[in-house]
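**Student:** based on what follows, work out the 3D shape:
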Amino acid sequence: MHTQAAKLALIDAGAWVAQQGWVPATGGNFSIKTDSGFVVTASGFDKGKLTPEQFLELDATGTIIAGSGKPSAETALHLKLYELCVGAQCILHTHSVAATVLSRFIQGEQFQIRGYEMQKSLSGIQSHEETLSIAIFDNDQDIEQLAQRVAQSHQTTPVIHGVLIRGHGLYAVGRTVQETRRHIEGLEFLFACELERIKLEGRQ
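**Tutor:** A predicted model of the protein is given here:
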């Protein structure tokens with residue numbers, strides 16, 4: 001994708017994500033692979049009101065080649081996910097209430113769910129009877145260290161649709177912007193359903 005088209009796609013995605021209430025304050029960060037490397041949101045901007053000037057252009061190694069402002073501290077995790085997820089072209093990181101709370105409630109290292117028709121909104125899932133697994137990682141201000149833990153987990157449990165960071169939010173991955181948006185919407189529905197189930201049943 002050309003750089004300008006990538007920025008416009010992320011501006012549109014940001015407005016949509018913000019409308020859902022999934023990027024409060026200046027939370028979240030977005031990126032797309034481009035012909036020359038990557039485009040990523042600069043830190044500290046309202047993701048629902050992005051402009052082309054609020055992006056940084058990076059080369060394949062993550063070095064800034066154009067743009068002003070400070071790159072998100074989590075850029076290293078974006079780059080690692082692109083390295084791990086073959087074919088990934090877009091990553092959208094959100095801070096929804098459901099994803100944040102559920103990631104803290106679940107004590108294990110995987111969010112596992114089955115029985116919901118909406119699972120089929122995620123690429124590769126063909127039936128509600130399949131078990132969907134999303135890895136959960138403890139939050140870490142050392143993003144390089146967090147990225148390495150994601151890489152180690154990926155060796156045995158590949159990242160396909162995204163990962164949850166405990167108490168932080170969701171990183172959704174897709175082969176296109178549209179697929180990534182669909183993964184976010186499907187996962188957020190499932191997160192919300194599970195939180196409601198937990199409230200009703202009083203257990204995980």
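
**Student:** please pull out the lowest mean pLDDT helix or strand from this structure.
**Tutor:** Within the chain, confidence by mean pLDDT, DSSP states H and E is lowest for strand 64-66 among all helices and strands, at a mean of 90.

**Student:** got the end-to-end distance for stretch 170-183?
**Tutor:** One end of stretch 170-183 sits 10 Å from the other (Cα to Cα, to the nearest Å).

**Student:** give the buried residues for that stretch.
**Tutor:** By neighbour count with 16 or more other Cβ atoms under 10 Å, stretch 170-183 contains the buried residues 170, 171, 172, 173, 174, 177, 179, 180, 181, 182, 183. To be clear about C-beta, it is placed using only N, CA and C from the backbone, and glycine gets the same treatment.

**Student:** dump these into a markdown table; add pLDDT, secondary structure and distance to residue 56 as well.
**Tutor:** Shown next, in a markdown table, are the buried residues of stretch 170-183 (pLDDT from 0 to 100; DSSP: H, G, I helix; E, B strand; the rest coil; distance: Cβ to Cβ, whole Å):
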| residue | pLDDT | secondary structure | distance to residue 56 |
| --- | --- | --- | --- |
| 170 | 97 | strand | 22 |
| 171 | 97 | strand | 18 |
| 172 | 97 | strand | 20 |
| 173 | 97 | strand | 20 |
| 174 | 96 | strand | 21 |
| 177 | 96 | helix | 18 |
| 179 | 97 | helix | 23 |
| 180 | 97 | helix | 19 |
| 181 | 97 | helix | 22 |
| 182 | 97 | helix | 26 |
| 183 | 97 | helix | 24 |
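
**Student:** could I get these as a markdown table with distance to residue 15?
**Tutor:** Shown next, in a markdown table, are those (distance: Cβ to Cβ, whole Å):
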| residue | distance to residue 15 |
| --- | --- |
| 170 | 18 |
| 171 | 20 |
| 172 | 16 |
| 173 | 20 |
| 174 | 18 |
| 177 | 13 |
| 179 | 18 |
| 180 | 15 |
| 181 | 11 |
| 182 | 16 |
| 183 | 18 |
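
**Student:** which among those gets closest to residue 122?
**Tutor:** Closest approach to residue 122 among the buried residues of stretch 170-183 (Cβ to Cβ): residue 183, at 5.9 Å.

**Student:** who's in contact with the residue nearest the centre of the chain?
**Tutor:** For the chain, the residue nearest the mean C-alpha position is residue 171 (1.8 Å; Cα atoms, centre = their mean). Shown in contact with residue 171 (Cβ atoms under 8 Å, 6 or more residues apart in numbering): 77, 78, 81, 91, 92, 93, 162, 163, 164, 165.

**Student:** name the residues that touch the particular helix or strand that has residue 78 in it?
**Tutor:** Using DSSP states H and E, the element containing residue 78 is helix 75-84. Outside of helix 75-84, the residues that reach it under the criterion Cβ under 8 Å, 6+ apart are 29, 31, 33, 38, 40, 58, 62, 72, 88, 91, 93, 143-144, 146-148, 150-151, 154, 158-159, 163, 171, 173.

**Student:** can you give me the strands in the protein?
**Tutor:** Along the chain, the segments classed as strands by DSSP state E run 29-34, 37-41, 55-58, 64-66, 90-94, 110-113, 132-137, 162-165, 169-174.
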